[in-house]
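Visitor: Sequence and predicted structure, then a few things I'm wondering about:
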Amino acid sequence: MLLLRNANVHAPEAVGLRNILIGGSKILWTGENVPDIQGITITDVDLEGRDVIPGFVDGHVHVTGGGGETGYASRVPAPDLSIYTKAGVTTVIGLLGTDDVIRTTAQLVAQIYALRESGLSAWGYCGGYHVPPVTITGSVRGDIVLVEPLIGVGELALSDHRSSQPTLNELLRIASDVHVAGLMSGKAGVIHVHMGDGKRGLELIREAISTSEIPPRVFQPTHVNRKKALFDEALEVARIGCHIDATAFPTEEGADEWSAAESAIKYLDSGLPAHRFSISSDAGGCLPCFDDEGRACGMDVAHSGSMIETLQELVAKGVPLESAVPFFSSNPAKHLRLQNKGRIEAGADADLIVLDERCKPHHVIALGEFHVKDGSLVKRGAFEK
């Protein structure tokens, strides 16, 4: 058991100084007065008033690696465990992107299980950029209902030259299967939609919502901050019930895009329901640029550290922790129906980030186990040095 004393808790709402008792992988109790526990060995850690927030739920991670747009040598390897944990990420949602041929849904599930064995919480999506989605069982419904870690389809690409250019009927058929499978299994039942920078923007999603009975929450567009006009469209679909997701990618001054922090502030200023917006990293995926002929002219690789960097930027811009933290924790957990994630309360999973005075991870605890302690890694993946 672990007792964290004098924690300035953001649960994510600010609740002030509390003590947190952890047993196994769960938060057993939080309160002002330390409980009288006799006859049990407890590790006692005094946090000295440091801010404590829920572990990050990174809703968009290429856990098997991404890339491949400039040939086989450009395939990005799977990120190591510590890439996530040193950035405060304690839960990942894995997916496939452009490469859903060599990388398969079966490989994705295997990597999810590997991350779980290493102490991280992990789920994933069947499919990838293309239609029909790649599956294990032969159908989207079968994968979601029968394969425990799979909670939806993603990242299905729209408005992008790398997509399958799906029709409205194809999108509706996938959305129907995802929604029904979610009902049958009690899972999220969402389509995590990769948005490219094409001129059609969110047109197909708006049409799918307006011409069908499928709930708007089933459609979750991501990368919505990659173009300013696309973000404006995303605010409109959030208004009618979609959950939108921004990506914490690097931005250039004067470019036609919003940083994740800028988009979060704009979302807060919009007056829309605060829980319908999240921020993810695209970790393990490539960040390519393309010329007018669709050829890659450059590539970078995304990493989970962009999420904590975005939180630091939001705090530096004056956004209170209790307003910023939900974008990385309780909001994605709520939308993806991860019941024990994203909050600091009795019964929740013991996923915590203890921040230092610079808003950097001082301790990171995943399922009750230290992965980062006093700012240093104490747990690594099986093949990390």
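Guide: Arrived safely.
Visitor: List the residues that contact the residue lying closest to Ala78 once chain neighbours are set aside.
Guide: What sits nearest to Ala78 in space, not counting adjacent residues and going by C-beta to C-beta, 6 or more residues apart in numbering, is Gly65, at 4.7 Å. All C-beta spots, glycine's among them, are computed from the backbone N, C-alpha and C. Going by C-beta atoms under 8 Å, 6 or more residues apart in numbering, Gly65 touches Arg75, Val76, Pro77, Ala78, Pro79, Arg103, Gly284.
Visitor: In TSV, list those residues along with pLDDT and secondary structure.
Guide: Converted to TSV, those look like this (pLDDT from 0 to 100; DSSP: H, G, I helix; E, B strand; the rest coil):
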residue	pLDDT	secondary structure
Arg75	86	strand
Val76	87	coil
Pro77	88	coil
Ala78	91	coil
Pro79	93	coil
Arg103	94	coil
Gly284	90	coil
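Visitor: Any idea how many residues pack against Leu311?
Guide: Neighbour count for Leu311, taken as other C-beta atoms under 10 Å: 28.
Visitor: residues in contact with the closest residue to it other than its chain neighbours?
Guide: Leaving out its chain neighbours, the residue that sits closest to Leu311 by C-beta to C-beta, 6+ apart is Ala324, at 5.8 Å. With contacts defined as C-beta under 8 Å, 6+ apart, the neighbours of Ala324 are Ala264, Leu311, Leu314, Val315.
Visitor: Am I right that Ala324 is in a helix?
Guide: Yes - the assignment for Ala324, made by DSSP: H, G, I helix; E, B strand; the rest coil, places it in a helix.
Visitor: how much space is there between it and Asn225?
Guide: The gap separating Ala324 from Asn225 is 15 Å, by C-beta to C-beta, to the nearest Å.
Visitor: One more: Leu146?
Guide: Relative to Asn225, and taking C-beta to C-beta, Leu146 is found at 35 Å.
Visitor: Which one of these two is surrounded by more residues?
Guide: It is Asn225, of Leu146 and Asn225, that has more neighbours when counted by other C-beta under 10 Å, with 28 against 14.
Visitor: what sits against the more buried one?
Guide: Contacts of Asn225 (C-beta under 8 Å, 6+ apart): Phe231, Ala246, Thr247, Glu257, Trp258, Ser259, Ala260, Glu262, Ser263.
Visitor: What's the separation between the nearest residue to the last one once chain neighbours are set aside and Ile344?
Guide: Going back to what we said before, that points to Ser263. Distances taken as C-beta to C-beta, 6+ apart put Asn225 closest to Ser263, at 4.0 Å, once the chain neighbours are dropped. Distance from Asn225 to Ile344, counting by C-beta to C-beta: 28 Å.
Visitor: closest to Asp51 among the contacts of Ala324?
Guide: Val315 (9.7 Å; C-beta to C-beta).
Visitor: a strand runs through Trp29, doesn't it?
Guide: Yes - assigned with three-state DSSP, Trp29 falls within a strand.
Visitor: For it, which non-adjacent residue is closest in space?
Guide: In space, and not counting its chain neighbours, Trp29 is closest to Leu21: 4.3 Å by C-beta to C-beta, 6+ apart.
Visitor: what helix or strand is that neighbour on?
Guide: strand 14-23 (DSSP states H and E).
Visitor: average pLDDT across that strand?
Guide: What strand 14-23 shows for mean pLDDT is 96.
Visitor: Provide the strand pairings for it, with the direction of each partner.
Guide: strand 2-10 (antiparallel), strand 26-31 (antiparallel) (DSSP bridges).
Visitor: Among these, which comes closest to Thr167?
Guide: Short answer: strand 2-10, nearest of the strands paired with strand 14-23 by C-beta to C-beta, at 44.7 Å.
Visitor: now that closest one, how far from the centre of its chain.
Guide: On the basis of C-alpha atoms, centre = their mean, to the nearest Å, strand 2-10 sits 25 Å off its chain's mean C-alpha point.
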